[in-house]
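**Q** Next comes the sequence, and after it the predicted model I'd like to discuss.
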Amino acid sequence: MSFAALDCGSNSTRLLIIDDQGCSLAREMRITRLGEGVDATGRLGDQAVERCYATLREYRTLMDQHGVTRSALVATSAARDATNGEKFLSAAAAITGADVALLSGNEEARLSFLGATADLPSSSLPTMILDIGGGSSELAVEVAGGLATHSMQLGCVRVAERVLGHGVVNNESRAATLALIESELDHLFDSEPRFTSVLGAVRLVGLAGTVATLAQLDAGTSLYDRALVHHRLLSRALVNQWRDRLASETPAQRLTHPGMVVGREDVLAAGLFILSAVMERFEVSELISSENDILDGVAATLRDNQQII
């Protein structure tokens, strides 16, 4: 038996196929920018939807080649915020044949935590995941009383479109970005006070494209090598160094760095502003990069014959 998890995120559309032992058979990612313009218009744009559909057709072929027996497609921030999100999901289900689920931010955080922590070594500190997406960023941490989760209306695409811009960052846009992020962090602690219990004493695990690309930049490799980036330690000083370096460059200049992923050059700086602010607020000096994420959580849930939501 084999199982497929598909994730239609705000910036990328991804696929993971595993066998019944949990071994990865295929892992694919395409930059589709489904969330392009959603923050301003409240709907998924026609071109963005077509990019995503084309990728899903490609993934359906891969699923057939691997004889997938059960599949699930999850959609997150872009589809949550869009008035035509349900229409998009109906078409996505028809293309892929997968069960579809529109996840809440808390459901997204739970599945991301499940996927990212499955292969982590033990630690005396509680583990917190930070999943920086295109439209939202999810946090989840083990605390007394269970798993605390929260979804912030911050993502690399949303922040870039709303305040930071896509090119060289000026003082005004930088200040507006920091103010927006700090406001969302204040809201995090107001709405889920349990997060305050791990301030200064938490193991942070970073997921998704912002952290993965930072790990590749740190490794200095243009060719993806999972062994180089999965569970790579990244310091807050390194985060700030790359944040400020990319903020001073144009997207074209950013593409010259070995490790920069095409399609992230215009939004990575925004993601790093989010990452740096979270690390500072939680008094964290380093994080662990994880290539396992929500896809792994969804796939494991399918394999265990459980419901996604």
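**A** On my side now, so go ahead.
**Q** OK, contacts around the residue nearest to C156 when sequence neighbours are not counted?
**A** Counting by CB to CB, 6 or more residues apart in numbering, G271 is the residue found nearest to C156 once chain neighbours are left out, at 3.6 Å. From N, CA and C alone the C-beta is placed, and that goes for glycine too. Residues in contact with G271 (CB atoms under 8 Å, 6 or more residues apart in numbering) are 132, 155-156, 159, 209-210.
**Q** For the stretch 1-150 of the chain, just list every one of the helices.
**A** Counting by DSSP state H, counting those that start in this stretch, the stretch 1-150 of the chain has helices at residues 38-41, 46-65, 77-81, 85-96, 105-117.
**Q** And the contacts of the last one?
**A** Pointing back at helix 105-117 there. Residues from elsewhere that reach helix 105-117 (CB under 8 Å, 6+ apart): 74, 76-77, 80, 101, 103, 127, 129, 131, 136, 138-140, 147, 149-151, 205, 207, 290, 292-301, 308-309.
**Q** So among those residues, which ones count as buried?
**A** Among those, those scoring as buried are 74, 76-77, 80, 101, 103, 127, 129, 131, 136, 138-140, 149-151, 205, 207, 290, 292-301, 308 (criterion: 16 or more other CB atoms under 10 Å).
**Q** Can you give the domain ranges for this protein?
**A** Taking automatic domain parsing as the criterion, the chain consists of the domains 2-104, 120-289.
**Q** Average pLDDT for the first one, rounded please.
**A** What it means is domain 2-104. If you average the pLDDT over domain 2-104, you get 93.
**Q** How far does that domain stretch from one end to the other?
**A** With CA to CA, to the nearest Å as the measure, the first residue of domain 2-104 is 26 Å from its last.
**Q** Equivalent analysis for the last one, please.
**A** Start-to-end span of domain 120-289 (CA to CA) is 11 Å.
**Q** now stretch 32-47
**A** Distance between the two ends of stretch 32-47: 9 Å, counting by CA to CA.
**Q** Work out the gap between it and the centre of the chain.
**A** Here the centre of mass of C-alpha atoms in stretch 32-47, compared against the chain's by CA atoms, centre = their mean, to the nearest Å, lies 17 Å away.
**Q** hmm, who's touching it?
**A** Counting by CB under 8 Å, 6+ apart, stretch 32-47 makes contact with 8-13, 48-49, 51-52, 55, 77-79, 81-85, 88, 134-135, 155, 157-158, 161-162, 263, all of which sit outside it.
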